[in-house]
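*Asks:* With the input below, show me the fold.
(chains A and B)
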Amino acid sequence: MLQVISAIVVRRLLLAVPTLWLLSLVVFFVLRILPVDPLGMLLPASATPADAAALRQQLGFDKPIPQQFLIWLWAAINGNLGTSLNFRQPVSQLMMAALPATLELSLVGLVLALLISIPGGVLAFVLYQKKREAAADLTVALMQSIPSFLWSLLLIAAFGVLWPVLPFSGRIAPDITLPGLTGFALLDLLLTGQFSGLLSALAHLVLPALALALGFAPLVIRVLRSSLIEAANEPYVEVARLRGLSESRILWRHILKNAALPTITMIGVQFGFLFGAALLVEMIFGYPGIGNLMVQAVKGNDLPLIQGIALIFCVLMLAITVIVDVLYAVLNPRMRNL
Amino acid sequence: MTDEFELDPRKRHACALDRRQVLLGTMAAGIGALAPLSGHAEGVDKSTLSIAFPVDVPTWDPNALSIPAIQNLYATVFDSPLRYSPDLKLSPRQITDWKWADDKATRLEMTLRDDVLFHDGSKMTMEDVKFSLSDRAKADKKLVVGGMFNTVADIEVTSPTRGVMQFNRPTPTAPIYLAFLCGYVVPKAYMLQVGPEGFNAKPIGAGPYRMVEHQRGSRIVLEAFDKYWGGVPTIKQVTFEIAPEASARVALVESGRAGFASQLPVREVQRLAQKAGLVTKIYPFSEVYMLRIPNYVPPMDNDHVRAAMHLAIDTQALSKAFYAGVAKPLSVMAPEGTPSNVPDFKFPYDKAKAIAELKQAGYGPDKPVSFTLLSTNGTFPNDYDMARAIAQMWKAVGINVTIEETTSAKLLDAAQNGKLAGPVLYSWANATGDPENYAGRIFDPRLRFSTWKDMSLSGRIDKLMTEVNEQERIAGYKALNVESSEKSWAIPLLQGITAVAYSSALQPTLFDNGYVLPVEMKYR
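*Replies:* Numbers count the residues shown, from 1 in each chain, chains lettered A, B, ... in the order given. Next up, the predicted model:
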């Protein structure tokens, strides 16, 4: 098993190098040919085109794009992703400060999504070809038609304003300072024994994570339901029935296990959806993550920062692909021989 | 006094809930109870205040960037040498006296207060002023302060509290820049010790509040500075909750989690006005909504077409439709009450005359003129809606426009490269109210973002910028304002508005330049 996992990881890592290079190249060129001015806020109202040209030269934007790319690539290989134009801080430093918040939010969002979608998918399967199937389908369709940012606003309206029981701004109460050990608030607060802080961080996580989860869960429910229906028609299910196993035992022990494989693949592939959705969700909830940083970078045409964040997103997606492949191999014995 | 019962919507709605809602609510309340519910408490705890604010501070180096929206925060942490009063009068602050030492406006004598302390306890001296406004700009061209003080040759320090700002050309308006973008004083010794990066991480200013925590994109926590020269602020802790999404700002103030929320949508503010415990204000400030016209794009080079565009716009109707009638219609590029406003001059709304002008240009309802109108969407309140309304008004006289949604960054790029596709609906910020930062910049054809590229205006604007006689300077700008409006080099529409909501327990001072300064707020 370990050998199979190692092979998968090595194969993926080898593929990651050209993928990252290609993505960097595409993002770099696209950003440079966009009709936006990266010097927008770096110059005062009184600046002349000559002032702009001088600054452009100082920042290296006057060089041919391929040359700019090679300079950036060499620096990136050496661990330097450049300096943010607006924040005046190293890009890597800004990203490392924001990334744990996004990872934490996305992971909690994923857990909540699974808590909603696994029972939801099973329920939708149980209601298959029954009277209430239409109602279940309608509910899922309604959920699917509401994107995460809209869930955010609905949740804020419900639990922040109408029923003000949950905080909806920031990562923790203003009077509590995060320890900053790993950047993961829950872990840091747990490690330092700040339990009131931990509860505050958890409360601040509920609404944004739920907004992400509610946007993500319908996809999982649909795929899980389809997979369950497909798996239920397999001959082994009939054999199990003939053996006298109860329907619930067949469902939870046999059908669900086999239906899980395509669902896991879908979750892996769609995990990027959570990061994408986090972009707006973080902005709405004032959550200091990478999505929020990206929005600010885009608003300020901060090319080095946008480039860096695109790269980190790509790295994350590649990492998720590796994890999904490994999980797939662990769960599906047939994959181990491929 | 704030009525806590009225502020708490839970109590008002509880009896209208069904069993399922109660169950769900109980679950949520259970989770919510885990966190200290600071919301309403913040509204009544007179030592703290949360402000729902739309923009974060990219860098704590106040000399680096010229973003108008964050000047509130810089002024709060760094204070400023001079400051505009709520009714836009230039007033002493860290600098108590300023006067010209010559009649050419090239030597400005300044006296600094002798009791200004930075947050590290060190005293502010004229060396810090020289370092911030002159030396830094010369050493690092990426700092925007150099552009704001581009005629400063040097600052001569004559004593720790006295100095002379020397200019390489007459700069009669120099004092206004001591109360404007980037004109903040940073501690020289500390900046040199920690460098810009260290300073950005841990800024030290001389303002009424010191920065204690900054979670980027989320929250800025400020604490009252007990050695502030103006006295310790009454509110001890101020938290700026960064909420770029307007709905989130509305929710923050509506739920009582923020005591003050700025830049809210007009319709939301009208709704919030019905809520007990909240005070709302929609008020005009020193920003101007206008149409900027690129004269190099046909048919914008046609005087009659521009005149028709201008005559066909009913600014009063725009104000009523989108700004609750509060945004004052403008005939010139200067709001009412500012020095270069011309109260006697009114540009008319006249559809018949607009049709007649178009006819002279060879167009009419049967042969409409077509071009692109550029508009941002969400950069200032109801911008895109206003563009659509203008398009309808123009259509009625024979002007067909295609509205193209754009961004500020794209506009800057297109303007700089002379590639604007048509007129632009724009909001022009100017916290000083001085005409130099309205018409003086808008019509200077040499600037990178200028749209009306008439090079013959350069000399006229140079003369105004160096004019030492204040009366003649203002008269010159008034004449430029009237001529530019009559000839429609740009079309002034409305004075900008801003909408805020705050707890009725709070007494904020609202500034005519839109500033939100916690030091000028107190509880009743």
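*Asks:* Angles on the backbone of the residue sitting nearest the centre point of chain A, please.
*Replies:* For chain A, the residue sitting closest to the mean C-alpha position, by CA atoms, centre = their mean, is residue A:275 at 2.4 Å. When read as degrees, to the nearest 10, the backbone of residue A:275 gives phi -60, psi -40.
*Asks:* try residue B:105
*Replies:* According to degrees, to the nearest 10, residue B:105 has phi 60, psi 50.
*Asks:* That one is in contact with residue B:470, isn't it?
*Replies:* No - taking contacts as CB atoms under 8 Å, residue B:105 lies outside contact range of residue B:470: 10.2 Å. For every residue, glycine as well, the C-beta is placed using N, CA and C.
*Asks:* for residue 294, what are its contacts?
*Replies:* Defaulting to chain A. With contacts defined as CB atoms under 8 Å, 6 or more residues apart in numbering or on different chains, residue A:294 is in contact with A:279, A:306, A:309.
*Asks:* wrong one, chain B
*Replies:* Here residue B:294 is in contact with B:300, B:415, B:418, B:420, B:422, B:423, B:424, B:451, B:452, B:453 (CB under 8 Å, 6+ apart).
*Asks:* what do you get for residue A:103?
*Replies:* residue A:184.
*Asks:* For chain A, which residues score under the pLDDT cut-off?
*Replies:* Low-confidence segments of chain A (pLDDT under 70): A:40-41, A:45-46, A:334-338.
*Asks:* The longest helix seen in chain B and chain A in contact?
*Replies:* Taking DSSP state H as the criterion, chain B has its longest helix at helix B:470-486. No - using CB under 8 Å from any CB of the partner chain, helix B:470-486 never reaches chain A; the gap is at least 16.0 Å.
*Asks:* What number of residues are in the vicinity of the nearest residue to residue B:133 once chain neighbours are set aside?
*Replies:* Leaving aside its chain neighbours, residue B:133 sits nearest to residue B:149 (5.5 Å; criterion: CB to CB, 6 or more residues apart in numbering or on different chains). Per other CB atoms under 10 Å in any protein chain shown, the neighbour tally for residue B:149 reads 24.
*Asks:* hang on, isn't residue B:149 packed against residue B:136?
*Replies:* No - applying CB under 8 Å, one finds residue B:149 not in contact with residue B:136, separated by 10.1 Å.
*Asks:* so which of the contacts of residue A:294 is the most crowded?
*Replies:* residue A:309 (25 neighbours).
*Asks:* So for the helix or strand hosting it, what gets flagged as buried?
*Replies:* Secondary structure assignment for residue A:309, by DSSP states H and E: helix A:303-331. Under the neighbour-count criterion of 16 or more other CB atoms under 10 Å in any protein chain shown, helix A:303-331 has A:303-314, A:316-318, A:320-329 buried.
*Asks:* Equivalent analysis for stretch A:132-147, please.
*Replies:* Buried-residue list, stretch A:132-147, by 16+ other CB under 10 Å: A:136, A:139, A:140, A:143.
*Asks:* Just the ones of those residues in helices?
*Replies:* Going by DSSP H, the helices hold A:136, A:139, A:140, A:143 from those.
*Asks:* Closest one of the residues you listed to chain B?
*Replies:* The closest of these to chain B turns out to be residue A:139 (CB to the nearest CB; 14.8 Å).
*Asks:* Which one's more surrounded, residue B:105 and residue B:470?
*Replies:* The neighbour comparison of residue B:105 against residue B:470 (other CB under 10 Å) goes to residue B:105, with 21 against 11.
*Asks:* For the more buried one, report the pLDDT, please.
*Replies:* Residue B:105 is assigned 96 on the pLDDT scale.
*Asks:* Check residue B:19 too.
*Replies:* Predicted confidence (pLDDT) for residue B:19: 42.
*Asks:* Also residue B:411?
*Replies:* Reading off the model, residue B:411 has pLDDT 88.
*Asks:* now residue B:172
*Replies:* If you check residue B:172, the pLDDT there is 96.
*Asks:* Now do the contacts for residue 122.
*Replies:* Reading this off chain A. Residue A:122 touches A:224, A:228, A:251, A:256, counting by CB under 8 Å, 6+ apart.
*Asks:* wrong chain, I was asking about chain B
*Replies:* Here residue B:122 is in contact with B:187, B:189, B:190 (CB under 8 Å, 6+ apart).
*Asks:* Nearest spatial neighbour of residue B:367, chain-adjacent residues omitted?
*Replies:* Using CB to CB, 6+ apart, the nearest residue to residue B:367 is residue B:398, at 7.4 Å.
*Asks:* no, scratch that, I was asking about residue A:326
*Replies:* residue A:5 (5.3 Å).
*Asks:* ok, the one you found - how many residues close by?
*Replies:* When neighbours are defined as other CB under 10 Å, residue A:5 has 16 of them.
*Asks:* these two touch, right, residue A:112 and residue A:209?
*Replies:* Yes - counting by CB under 8 Å, residue A:209 is a contact partner of residue A:112 at 5.4 Å.
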